[in-house]
Each structure stands twice: as structure tokens, then as C-alpha cells.
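Undergrad: just coords:
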């Protein structure tokens, strides 16, 4: 069954696929850090007592969460150049899109984390004379972040896999690189099997790390 | 912003054809619903089966069903689409592979449906497993002590409760199926995202196009949510916190 396969083309195209994988990593990393930072602010906005701010944030989050990611990618690729007035590369567009999209998902995780902190902690902070931002910075957010770390990482695994969808606008990530290499050598089947194995190994390894982390955090608490 | 608006575009004819863009959108909507619903049937059937097997007493069975879940959970959906479309026919016996590649009716639709169904089944399985494991061990023991066989214990005692308890997480999965069906554009299923790209290129009215398609996706997700809410209400377990009000 595998006798007709030629796996030597994989070795030949490794440097090319590696350059694609680097973009996949970059996209994952930027969207994760950017998404967590913006998501945290969105979470604070959703929990804020200022009505319009909370409403705007929850609208943003709910809309992002109910549109397919592929459509969000297409939307951003179309609309950003219209607003800025100059064309934007697929890679830059992907970075912006994923950060904005993931922020909605990280927001919900951080919101759950913040809401899981006992009220007494906030009261204690206020009694110490902390302002709102000090209470958040020194008391609530560090604990919320720590408690939610496994969930944030699980979302990052999902994000890592979702980056393959930049295929829709032709950004050169690992999948695209493998596709191009497959076309060049006329060996698409081997290339698809190879990227599937790479995605699987990385996701599986990371989810194993998350499981270990979950146990450690559970014991400490 | 320098954009030429044209809200009448939906009723205009496509370039070089007598269909309107609205016809394209309706076709796309139809395929999206068809792929999603068929995939959901596969996902529920396989997902419940695999979820049950993950709680089985046999270590071998648990290992195999765990492998199933990990396999479908750790590869991006788009890559899975390509695997089913390009790779699986090569792995089949020669005649079968040829049949799949050349003669299988609605090849893209079939492939996308099976792919999305298997992908979603791993998620359903995890929810079902969690549901079964949340039932106190005593119920299983009680069933077996009454002389029920293990399959009977599942059929009459564990599953009727477990499946009703996992309806809320299954609601999100049902909505996700519609969203995930958008990936099927990559293997040429003429669903909404495919039509969106095609209509944007043909009409050059990107915003109007994407707006219509996005609204149609909203309709899918909202309907899925409402249908599941009705089922959830009908299937409430009397005596639980959720059932009291």
C-alpha cells in the first residue's frame, strides 16, 4: 500500500516546510500573547459597571464567537485595506485577524477566571487602600491567570491548529508550504501525511504538558 | 474609505450566466445545512459509541477509543479534510480508490461530511464520557446487582441520564458543526464560504457578499441553539438544580 509512496521528497523539502512552520509558530505566539492581553481587557470591560462599555465588549465577543473563523479571516483581509487605504499582505492580515479573533475566546476564559476569585479578595484589597486598577493588577488578575493557565494553554492548542485556516487567503504557513512542495514534486499525498504527523505530534505533546500542569496546580490549591 | 456600495447586487445576474447571486447564496446555504446536519448525525452516533467505550471495563477498549479521540482532536480540521480527500483514496484497495476518485456520487460532499462527522465525534465522545463519569458509581453497581448485563445497565440506567446531562455542551458542539462546515470550501464543496469567495471575485462587492454570508451563518447557529434549547427543556432531569425552575 505504501510501496508506491516516495517519502524522500519530504527530506528534500524540509527547509521549505520549516520556513512555513516558523510562520505558523509566529502566528500562534503573536495571537496568543496579543489575544490574552486584549482578551483580559475585554474581560474587565465585560465585567465593568459602566453599562455601554460592558455591552460593547460582550457584543464584540459574541459576534466573534458565532462567525466561522474562515469568514473572519476573509472579512479582515477584505476590510483592513479598505480602512487603511493600502494593500496588506496575507501574513500581516493573518496576524491581525488571529489576535482579534482569539481575544474573544481568551476574554471568556479570563472572565471565568476573574469571576472565580472570592469576593473577599477584592474587599481585602480595597480595605488596604488599593484603587480598582491596583486590586486588579496585584490581587485578582495574577490569581485568575494562574488558575486559568491550563485552559489558556488548551485554547492555544486549538489556536495552533486553527492557524492552518490562513490557507483561505494564501498566507504561507506550514500547510501552504507543504502544499506548494507537494505540487513542485508532484507528491501531494506524502506532504499531507507529513504535515498531519507534525501537527499531531506538536498538539499531542502540548496537551500532555497541559495535563501535567493541571495536576500540579490542582495539588497546590 | 473608497468603496462603491451596491446593495442591489444580490438580485443581479452573475457574469456569464443567467443565475443571480442570490441563487448562489441559496445553493451555498443548502450545502452548508446538508453537510452540517449529515455530519452531526455521524458525530452523534460515533461520538456516543466511542464515549461509552471510553468508560468500558476493558483496558484494550479504553485504549482504542482514547486513541480515536486523540487522533481526531490533534490534527487541524483542514488537514483532516485533505487527508480524507487526497490520502484516504490512495490507501484503499486499488479498485475502491479508483471508484472513490472517479465514480463516487457527490464526492466532495461525501468526503466533507465524513470528515466533519468523524472530527466532531471525538468532541461528542469527550462530552458523553464526562456525562457517564459524572453519574455516581452506585448506579452502575445497582444496575449490575439487579441482574442487568453491562449493555443493559448502559441502555436503561447510565445513558438516559448521561445524555440528558450533556445537552448544554452538545449545544455548543452542534453550533460548532455549522461553523466548522465552512472548512469544506477547501475541497470544493459549494457551501457558503465557497460561494462567498466566488461571489466576491465575480461581483467585486466584497462587503455585501460577506455580510449576507455572515448573516446566513448566524441564522444556522441561532436555529441550532434554539432547537437544542427546546430539546434541553423537554429532556430535563426532574429533581436536578436545572429542573427546579
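TA: Sure, I can see it. Small disclaimer: the values here were computed from a predicted structure and weren't measured. Numbers count the residues shown, from 1 in each chain, chains lettered A, B, ... in the order given.
Undergrad: From residue B:22, how far off is residue B:199?
TA: Between residue B:199 and residue B:22 the distance is 10 Å, computed by C-beta to C-beta, to the nearest Å. In short, each C-beta sits where N, CA and C put it, glycine included.
Undergrad: same deal with residue B:85?
TA: On the measure of C-beta to C-beta, residue B:85 and residue B:22 end up 29 Å apart.
Undergrad: ok, now residue B:87?
TA: Per C-beta to C-beta, residue B:87 is found 37 Å from residue B:22.
Undergrad: neighbour count winner among those two?
TA: Ranked by neighbour count (other C-beta atoms under 10 Å in any protein chain shown), residue B:87 and residue B:22 place residue B:87 first, with 18 against 14.
Undergrad: What's the separation between that one and residue B:53?
TA: From residue B:87 over to residue B:53 (counting by C-beta to C-beta), the distance is 26 Å.
Undergrad: Then residue B:96?
TA: 27 Å.
Undergrad: between the two, who's got more neighbours?
TA: A side-by-side neighbour count of residue B:96 and residue B:53, using other C-beta under 10 Å, places residue B:53 first with 18 against 12.
Undergrad: Spatially nearest residue to that one (excluding sequence neighbours)?
TA: residue B:65 (4.0 Å; C-beta to C-beta, 6 or more residues apart in numbering or on different chains).
Undergrad: Can you report how many residues lie near that neighbour?
TA: The burial count for residue B:65: 21, using other C-beta under 10 Å.
Undergrad: confidence score at it?
TA: Looking at residue B:65, its pLDDT reads 94.
Undergrad: pretty sure it is touching residue B:47, no?
TA: No. With contact defined as C-beta atoms under 8 Å, residue B:65 and residue B:47 do not form a contacting pair (10.7 Å).
Undergrad: Could you pull out the residues contacting both of those two?
TA: residue B:125 (C-beta atoms under 8 Å, 6 or more residues apart in numbering or on different chains).
Undergrad: Would you check that residue B:187 makes contact with residue B:81?
TA: Yes. At 5.2 Å, residue B:187 and residue B:81 qualify as touching, with contact defined as C-beta under 8 Å.
Undergrad: More neighbours: the two, which one.
TA: Between residue B:187 and residue B:81, counting by other C-beta under 10 Å, residue B:81 is the more crowded of the two (24 against 19).
Undergrad: check contacts around residue B:185.
TA: A:70, A:168, B:191, B:193, B:194, B:197 are the contacts of residue B:185 under C-beta under 8 Å, 6+ apart.
Undergrad: contacting residues around the third one?
TA: Residues in contact with residue B:191 (C-beta under 8 Å, 6+ apart) are B:28, B:31, B:32, B:35, B:181, B:182, B:184, B:185.
Undergrad: Now do the same contact list for residue B:9.
TA: So residue B:9 contacts B:21, B:203, B:205, B:208, B:209 (C-beta under 8 Å, 6+ apart).
Undergrad: sorry, that was for residue B:159
TA: B:48, B:52, B:132.
Undergrad: so it is in which element?
TA: Per DSSP states H and E, residue B:159 falls inside helix B:159-165.
Undergrad: Need the mean per-residue confidence for the helix or strand just after that helix.
TA: Using DSSP H and E, the helix or strand that follows helix B:159-165 in sequence is helix B:167-180. The pLDDT scores in helix B:167-180 average 92.
Undergrad: got it, and stretch A:96-105?
TA: 95.
Undergrad: List the contacts of the nearest residue to residue B:130 once chain neighbours are set aside.
TA: Closest residue to residue B:130 apart from its sequence neighbours, by C-beta to C-beta, 6+ apart: residue B:166 at 6.9 Å. By C-beta under 8 Å, 6+ apart, residue B:166 lies in contact with B:127, B:128, B:130, B:131.
Undergrad: residues from chain B in reach of chain A?
TA: Residues of chain B lying near chain A by C-beta under 8 Å from any C-beta of the partner chain: B:1-3, B:70-71, B:73-80, B:82-83, B:86-87, B:90-91, B:175, B:178-183, B:185-186, B:193, B:196-197, B:200, B:206-207, B:210, B:213-214, B:217-218, B:221.
Undergrad: Which ones among the residues you listed lie within helices?
TA: B:70-71, B:73, B:77-80, B:82, B:90-91, B:175, B:178-180, B:193, B:196-197, B:200, B:206-207, B:210, B:213-214, B:217-218, B:221 (DSSP state H).
Undergrad: one step back: and the furthest pair within the contacts of residue B:185?
TA: A:168 and B:191 (13.2 Å; C-beta to C-beta).
Undergrad: Chain A: which of the contacts of residue B:159 is nearest?
TA: residue B:132 (20.0 Å; C-beta to the nearest C-beta).
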